[in-house]
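>>> got a structure for you, letters missing:
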């Protein structure tokens, strides 16, 4: 392998941190809108957002309660949280800075500008009025970087590590969003609230920007089992779990010494496609997601051992 493992590692993590930033922005935007759509008596709150990144204990060591203001600050601007958007953007920027000679110069400039602008305008995220625009600009900024890389970077081993990082991060985030969003949204739904179950699954789809593509494919009303099938097993939707695994497979197939990791990947793909999601209740779904996440961890460990 001609690419230095240190460089490959930096490229991989640059992609992961950018993907994480974008996903966090989507989740916060969707939660803000969902709260406006639900009736006042439905207590939804902001705590589930902390659970998506598994940072509950850390959050409560810094904040008294999980109100909107605290959670948004913790998840967007608080540099004490390693998963806050400014933290992950900063890490993406650091990784990009150290590989400036490997990637197109415009990419470094775009990542640097994105971080500096996000930091300068960070206060605007606290008010609902400006939050949407602030988060949208970050999502657009990250997507601009992805587009630049796809269109201007040589598609060599480095680019495979970039795609690999992005897709494994995306697969992991997709499972987290489905897990937390489906469990904590409206857990004990009374009869008169059942119409809002539809809204719950719309919000799961929107957190992954999957709503329109789902509607294009599934013509009837939104149902839990169809949403799960689409987000887990649909091969052609770029944010589905299965699509991310297929992309990772294609990256690894172009890299040397990947046999062991490809075996782990094939095992996870089989587990995914064999699952009868329509039969899963919430408990079974949670257990299944745990197994998928464990599979992703094994694949990541295998990549670390082999290349980094």
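In hand now; what should we look at? Here the structure is a predicted model, which means the values were calculated and not measured.
>>> averaged pLDDT, stretch 16-30. What do you get?
Averaging pLDDT along stretch 16-30 yields 93.
>>> tell me the secondary structure for residue 54?
coil (DSSP: H, G, I helix; E, B strand; the rest coil).
>>> please look at residue 78 and residue 84 and confirm they touch.
Yes. Assessed by Cβ atoms under 8 Å, residue 78 is found in contact with residue 84 at 4.9 Å. For every residue, glycine as well, the C-beta is placed using N, CA and C.
>>> which neighbours do these two share?
Contact with both residue 78 and residue 84 is made by no residue, according to Cβ atoms under 8 Å, 6 or more residues apart in numbering.
>>> hey, which helix or strand in the chain has the poorest pLDDT?
helix 195-207 (a mean of 81; mean pLDDT, DSSP states H and E).
>>> report all helices and strands that the strand or helix carrying residue 119 contacts.
Per DSSP states H and E: residue 119 is located in helix 105-120. Judged by 3 or more Cβ pairs under 8 Å, 6 or more residues apart in numbering; DSSP states H and E, helix 105-120 is in contact with helix 85-98, helix 128-152.
>>> averaged pLDDT, it. What do you get?
Mean per-residue pLDDT for helix 105-120: 97.
>>> in it, what's buried?
107, 108, 110, 111, 114, 115, 118 (16 or more other Cβ atoms under 10 Å).
>>> cool, stretch 6-20 as well?
Neighbour-count burial for stretch 6-20 [16+ other Cβ under 10 Å]: 7-20.
>>> kindly report the same for stretch 90-100.
Applying 16+ other Cβ under 10 Å to stretch 90-100 flags 90, 91, 92, 93, 95, 96, 99 as buried.
>>> if we only consider those residues, which is nearest to residue 266?
residue 95 (29.4 Å; Cβ to Cβ).
>>> ok, the closest one touching residue 18?
No. At 9.3 Å, residue 95 and residue 18 do not qualify as touching, with contact defined as Cβ under 8 Å.
>>> hang on, the earlier thing: how about the buried residues of helix 105-120 in JSON lines, adding distance to residue 177?
What follows is these, written out as JSON lines (distance: Cβ to Cβ, whole Å):
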{"residue": "107", "distance to residue 177": "27"}
{"residue": "108", "distance to residue 177": "30"}
{"residue": "110", "distance to residue 177": "26"}
{"residue": "111", "distance to residue 177": "24"}
{"residue": "114", "distance to residue 177": "23"}
{"residue": "115", "distance to residue 177": "24"}
{"residue": "118", "distance to residue 177": "21"}
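>>> show the pLDDT at residue 190.
With respect to pLDDT, residue 190 has a value of 53.
>>> kindly report the same for residue 34.
The confidence metric pLDDT takes the value 78 at residue 34.
>>> could you do residue 127 as well?
86.
>>> so how many other residues sit close to it?
Per other Cβ atoms under 10 Å, the neighbour tally for residue 127 reads 11.
>>> what do you get for residue 124?
Considering only other Cβ under 10 Å, residue 124 is surrounded by 14 other residues.
>>> what's the separation between the nearest residue in space to it that is not next to it in sequence and residue 285?
The shortest distance from residue 124 to any non-neighbouring residue, by Cβ to Cβ, 6 or more residues apart in numbering, is to residue 130 (3.8 Å). Shown here: residue 130 relative to residue 285, a distance of 36 Å by Cβ to Cβ, to the nearest Å.
>>> more neighbours: which of the two?
Comparing residue 130 with residue 285 by other Cβ under 10 Å, the one with more neighbours is residue 285, at 20 against 13.
>>> so that one touches residue 182, yeah?
Yes. In this structure, residue 285 is within contact of residue 182 by Cβ under 8 Å, at 6.8 Å.
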